[in-house]
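>>> I would like to see how this sequence folds:
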Amino acid sequence: MPQQRILRQTFVLTLVAALALLISGCGKDKFAENDAQSKAPMGKVTIVGQQFTEAQVMTALYGLLLRDAGYQTTVKNFSTRDVYLPVLEKGQVQVSADYLSSFTEALNRKANGPDAQPVSSPDTEATLEVLKSLATPRGVTPLEPAEAANANAYAVTAKYAETHRLRTLSDLAALGQPIALAANSDCSTRQDCAKGLKEVYGIEISKIEPLGFGSAETKRALTDGQVELAQVSSTDGTLDAAGIVVLEDDKQLQNAENLVPIVNSAWIKDNPKAADALNKLSEELTTGDLARMNAKVDAERLKPDDVARQFLKDKGLL
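Numbers count the residues shown, from 1 in each chain. The predicted structure is shown next:
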């Protein structure tokens with residue numbers, strides 16, 4: 001019996017010690033959480049975007065601004081909008097870095113089916129009003145769009161532009177020559193690509209090389225002389241160094257793709273300070289700014305966070 005009593009006492013003491021350690025650990029975690037909250041009086045916010053350079057720069061900009069405004073920020077980048085849109089609507093994440101017409105059409109398809117007629121346009125203000133009407137029932141709100149926009153753009157080499165005195169897509173059409181185009185694989189059927197170039201500008205596309213939207217292969221085909229025209233991004237920061245110039249879309253073939261913060265409606269109602277911080281960035285950010293930041297990441301191999309922080313400091317926003 002004494003031996004059994006000793007074993008029982010040992011078991012109890014061991015159990016008590018284990019529970020004490022567990023409670024101590026939980027207490028430490030709770031303290032750490034409270035300490036983090038004390039450094040972030042405005043609470044926690046998660047910022048989301050997609051997984052490419054520009055989206056990483058934008059989510060970094062948003063994250064730094066909101067952290068400076070007193071929030072504890074987390075940034076996540078996903079492969080597609082479809083991944084984060086449901087949790088943005090539910091308020092499980094609070095802010096996304098998005099594009100005006102693309103986000104509008106994403107909500108349009110959700111509301112009206114995958115074959116819904118497009119509702120966005122080249123008019124920024126008109127598209128914003130459409131977006132607001134689609135966003136309200138889904139519990140999300142667009143803030144102020146920036147002047148900065150990432151749209152399809154069409155480019156030629158600087159030498160070709162100089163030789164033919166080209167500044168706009170209308171100038172290219174006026175040459176009256178068949179044009180070979182390097183572009184995305186679906187270009188032939190898209191109104192914002194070959195169809196629109198023909199119908200809106202009267203440009204005769206002789207062939208389409210399906211080398212991708214703004215890809216290295218597309219730009220190489222242009223600079224090597226395999227094609228006269230290339231489909232690129234309006235915020236591609238590598239074009240200047242490659243001797244490539246974008247022709248102005250003077251007849252507004254492309255829809256408005258301004259950068260716009262999309263926020264959870266319930267959250268932003270309680271956090272007007274966040275809206276103020278993000279809207280101040282939209283007032284400053286231009287397409288040229290975005291292209292230069294993209295170039296620093298893609299060409300100079302700088303980190304998106306470092307590029308974003310320097311930009312905000314230069315603009316007096318941080």
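
>>> okay, now the domains of this protein?
Segmentation of the chain into domains, based on automatic domain parsing, reads 41-149+256-314, 152-247.

>>> host element of the spatially most central residue of the chain?
Geometric centre of the chain, nearest residue: residue 55, 3.5 Å, by C-alpha atoms, centre = their mean. Using DSSP states H and E, residue 55 sits in helix 53-68.

>>> check which helices and strands the very next helix or strand once past that helix sits against.
Later in the chain than helix 53-68, the nearest helix or strand by DSSP H and E is strand 72-78. On a contact count with 3 or more C-beta pairs under 8 Å, 6 or more residues apart in numbering; DSSP states H and E, strand 72-78 meets helix 2-39, strand 44-50, helix 53-68. C-beta: built from backbone N, CA, C; applies to glycine.

>>> what segments of the stretch 151-300 of the chain are helices?
158-164, 169-174, 194-196, 216-223, 239-242, 265-270, 272-284, 287-298 (DSSP state H, counting those that start in this stretch).

>>> got a list of what residue 188 touches?
Residues near residue 188 by C-beta atoms under 8 Å, 6 or more residues apart in numbering: 194-195, 208.

>>> residue 51 against residue 76, yeah?
No. Between residue 51 and residue 76 there is no contact under C-beta atoms under 8 Å: 9.7 Å.

>>> skipping its backbone neighbours, what lies nearest residue 180 in space?
residue 227 (4.1 Å; C-beta to C-beta, 6 or more residues apart in numbering).

>>> related to what we said a few turns ago, who's more crowded, residue 51 and residue 76?
Counted by other C-beta atoms under 10 Å, residue 51 and residue 76 do not tie: residue 76 has more neighbours, with 15 against 12.

>>> what bridges to the more buried one?
According to DSSP bridges, the partner residues bridging residue 76 are residue 48.

>>> and it, what is it in contact with?
So residue 76 contacts 46-48, 59, 84, 93 (C-beta under 8 Å, 6+ apart).

>>> what do you get for residue 256?
100-101, 120-124, 127, 145, 149, 151.

>>> so residue 55 is in contact with residue 97, correct?
Yes. Contact criterion C-beta under 8 Å: residue 55 and residue 97 qualify, at 5.8 Å.
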